[in-house]
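Asker: could you work out the structure for the sequence below:
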Amino acid sequence: MAAQTRIYMVANAQGRAADGTELPSRLVRAHNASQALRHVAADTLAVAVASQDDLVRLTLAGVKVEAAGAEQEQTA
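Answerer: Prediction:
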């Protein structure tokens with residue numbers, strides 16, 4: 001017997017783009033919320049180790065280095 005799925009709404013946590021327009025939400029049929037999030041992330045995000053040039057360019061533009069898991073630890 002196949003496991004049940006639900007339809008999840010995956011929305012951008014920021015809600016609006018810099019110009020004020022609402023960022024679109026997506027509806028995803030999945031077995032759990034993590035699977036739905038991975039599905040959306042797979043075609044909207046990319047991950048790679050930052051090169052030295054990336055680090056220089058982004059830090060000069062004011063981008064801060066974030067620590068993964070830091071928020072979860074603070075709210076737990």
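Asker: which residues touch residue 53?
Answerer: Contact criterion C-beta atoms under 8 Å, 6 or more residues apart in numbering gives no residues in contact with residue 53. Glycine gets a C-beta too; all of them are placed from N, C-alpha and C.
Asker: what about it, helix or strand, and which?
Answerer: Take DSSP states H and E as the rule and residue 53 turns out to sit in helix 52-60.
Asker: name the residue closest to the centre of this protein, please.
Answerer: With distances taken as C-alpha atoms, centre = their mean, the residue of the chain nearest its centroid is residue 41 (6.1 Å).
Asker: what about it, which SS state?
Answerer: Of the three states, residue 41 takes helix according to DSSP: H, G, I helix; E, B strand; the rest coil.
Asker: what segments of the protein are strands?
Answerer: 6-10, 26-30 (DSSP state E).
Asker: tally up the residues packed near residue 12, please.
Answerer: If you count neighbours by other C-beta atoms under 10 Å, residue 12 ends up with 14.
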